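1. compute the structure for the input listed below.
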Amino acid sequence: MNPPTPENPAPPTAAKPRPQRRRPRRWLPWLGAVVLGTLIVFGFLPQPLPVETARVTQGALRATVNEEGKTRIKQRYVLSAPVTGHLRRIPFKAGAEVTAGITVVAVIDPVSPALLDARNRALAEARRDTVAANLDRAREAQRFAANELRRIEKLFADKSVSQQDLENAQWRETAAAKDLTGAESALRQVETELKEFPAGAGAAPNASRAPVEVTAPASGRILHVFEESTRVVSAGTALLDVGDPADLEAVIEVLSRDGAAIVPGTKVELEQWGSGEPLAARVRLVEPAAFLKISALGVEEQRVNVVVDLLTPFEQRRNLGDNFRVEARIIVWEAAQALKVPAGALFRRGQNWGAYVLAGGRAELRRVQVGRTSGSEMQILDGLKAGEEVILYPGDRIHEGQRVKLIQISQ
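-> Okay, here's the model as predicted:
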């Protein structure tokens, strides 16, 4: 093949086609704007609030008054010294059993009210002689006044003296008679004092006074021993007290407004007394007079005592004694089948009660009528039905038609 020359030029070759430029997709920014706007709209839409619900149920419900109380023995006997004397040591301790009229719990050696020595006895005898002389003088004065009254009466009958003279004579005779009575009483008192002490020089003052034995007035146990050691006691000094721990009652202090709703015969349960099983009791008396008591927070409260009888047999509460603390639950009302909801689902709306019911994922406001309450649950008289779910603790964040999301269902 001959090389190309200027006289014989080579044939022109075909030119390569240029690549075509793609047109920019102008719809992509619009798509991004739509997506961003959609996200913004969905971000500002209200989200369902997480709520906790409970079901309206039907079951047992009771209204109670819960207060602290303490036990006490119904019949407590405080034994005191019948005479002034020297108390012998009491051999019993708290908890010892005693039998009525048989067990001697204390022995007292009596002493005279006042021990007279020779000097004091001589003074007492001198007082007796003085009182005896005063008695003789009073007798003579009364005899003279009586004779004078008789003379005045005769003269008055003869109209020789005035009415005033007669009345003066009567007054003197009456005064003399009273003086005579007083002198006789004073003499008897002095002679009684002297009879307590023998006249012999070596005679003991208490030689004729036998020891006094104090016996148990009732069968039971000794609760406290006030005077255990030997010492001189005066008449009326408390020695010990006796009672029967099997015969217990409980005293519960309640607010006066609660006491007005409690009647005799109301059932009571006593808890936290030292065992898991509550004790059965019944109200016997609501005391008619209340009293003022300052609470731990410094609030003045009018309270009244409610006295209850224990019904649980003694064999099941042997460890329960006098002045033991108990938690009392006084049942003022109860029903076997009552429509009820947790108290946290209800709220005040003006003068009425309201609740939010979960319906179709939204909160529906209901106006309800309530009855009794147990503290944690409330009786529903109208506005709710068994099986419906109510929102617990709605607060201000829930309103009518609010979308909600269930997080837990309490049964």
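2. taking the centroid of the chain, which residue is nearest it?
-> residue 253 (2.8 Å; CA atoms, centre = their mean).
3. quick check: residue 392 vs residue 133, distance?
-> Remark: distance between residue 392 and residue 133 (CB to CB, to the nearest Å) = 99 Å. No exception for glycine: its C-beta is placed from N, CA and C like everyone else's.
4. comparing those two, which residue is more hemmed in?
-> For residue 392 versus residue 133, the count of surrounding residues by other CB atoms under 10 Å is larger for residue 392: 19 against 11.
5. for the longest helix seen in the chain, name the packing helices and strands.
-> Of all segments of type helix in the chain, defined using DSSP state H, the longest is helix 118-157. Under the contact definition 3 or more CB pairs under 8 Å, 6 or more residues apart in numbering; DSSP states H and E, helix 118-157 sits against helix 163-195.
6. mind listing what's buried in the helix it packs on?
-> Neighbour counts over helix 163-195 (16 or more other CB atoms under 10 Å) mark 166, 169, 172, 173, 176, 179, 180, 183, 186, 187, 190, 193 as buried.
7. chain center to it, what's the gap?
-> 59 Å (CA atoms, centre = their mean, to the nearest Å).
8. list the buried residues for the longest helix of the chain?
-> By neighbour count on 16+ other CB under 10 Å, the buried set for helix 118-157 is 124, 127-128, 131, 134-135, 138, 141-142, 145, 149, 152, 156.
9. phi, psi of residue 347?
-> phi -150, psi 160 (degrees, to the nearest 10).
10. go on, residue 289?
-> According to degrees, to the nearest 10, residue 289 has phi -120, psi 130.
11. wait, it touches residue 304, no?
-> Yes: applying CB atoms under 8 Å, one finds residue 289 in contact with residue 304, separated by 7.5 Å.
12. what count of nearby residues applies to residue 84?
-> 16.
13. list the contacts of it.
-> 110, 111, 113, 232, 233, 234, 235 (CB atoms under 8 Å, 6 or more residues apart in numbering).
14. the closest residue to the residue nearest to the centre of the chain other than its chain neighbours: what's it in contact with?
-> Counting by CB to CB, 6 or more residues apart in numbering, the nearest residue to residue 253 once its immediate chain neighbours are dropped is residue 303, at 4.8 Å. Shown in contact with residue 303 (CB under 8 Å, 6+ apart): 253, 254, 255, 256, 259, 290, 291, 292, 293.
15. mind running it again at 10 Å?
-> Taking CB atoms under 10 Å, 6 or more residues apart in numbering, we find residue 303 in contact with 67, 252-256, 258-259, 290-293, 295.
16. need these in CSV (columns: distance to residue 329 and secondary structure).
-> Formatted as CSV, the contacts of residue 303 follow (distance: CB to CB, whole Å; DSSP: H, G, I helix; E, B strand; the rest coil):
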residue, distance to residue 329, secondary structure
67, 9, strand
252, 10, strand
253, 14, strand
254, 12, strand
255, 15, strand
256, 19, helix
258, 12, helix
259, 15, helix
290, 21, coil
291, 23, strand
292, 25, strand
293, 20, strand
295, 20, coil
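17. can you select the buried ones from these in PyMOL?
-> Entered in PyMOL, the line below selects the buried ones among the contacts of residue 303, by 16+ other CB under 10 Å:
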select buried, resi 67+252+253+254+258+259+290
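18. from the contacts of residue 303, which one has the minimum pLDDT?
-> Within the contacts of residue 303, residue 295 has the lowest pLDDT, namely 87.
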